[in-house]
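Undergrad: Any chance you could fold what I've pasted below:
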Amino acid sequence: GGGWGVLRVEGAGEVAVPVGFGLRALYPNPFNGRLGVEFGLGEAGLARLGVMDGTGREVGVVADGYYGAGKHRLAWDAGGLPSGVYLVRLEASGRTATAKALLVK
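TA: The predicted structure is shown next:
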């Protein structure tokens, strides 16, 4: 849907609420090779999801393109990268959100 998600509110059933900007979930976390990434955009536009290692060097790109408003689910394959903590960074509409993921091989 166009930027709306469904939220369960106790006693009120389901209500539609706007899906805001941000990283919703990284799963599984810790992960072994393949990481699912769920993110939300408050408005349609260009979005980039990069993955950085502990030194801040970009080692992967999950997404780089135009996405509609709302929730999106993507997957990233860590390939031959070593075990360690990685930072997933979402950039869109002049905003940035980051979250940590632990790669365990």
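Undergrad: wait, residue 34 sits on residue 79?
TA: No - if you go by C-beta atoms under 8 Å, residue 34 and residue 79 don't touch, sitting 9.7 Å apart. All C-beta spots, glycine's among them, are computed from the backbone N, C-alpha and C.
Undergrad: Now do the shared contacts for these two.
TA: Shared contacts of residue 34 and residue 79 (C-beta atoms under 8 Å, 6 or more residues apart in numbering): none.
Undergrad: Against which helices or strands is whichever strand or helix holds residue 101 packed?
TA: Following DSSP states H and E, one finds residue 101 within strand 95-103. Strand 95-103 sits against strand 22-27, strand 34-41, strand 84-92, with contacts defined as 3 or more C-beta pairs under 8 Å, 6 or more residues apart in numbering; DSSP states H and E.
Undergrad: Please produce TSV containing those strands, extended by distance to residue 61, mean pLDDT and mean neighbour count.
TA: Shown next, in TSV, are the helices and strands packed on strand 95-103 (distance: least, C-beta to C-beta, whole Å; pLDDT from 0 to 100; neighbours: other C-beta atoms under 10 Å):
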stretch	distance to residue 61	mean pLDDT	mean neighbour count
strand 22-27	15	93	16
strand 34-41	11	94	20
strand 84-92	10	96	18
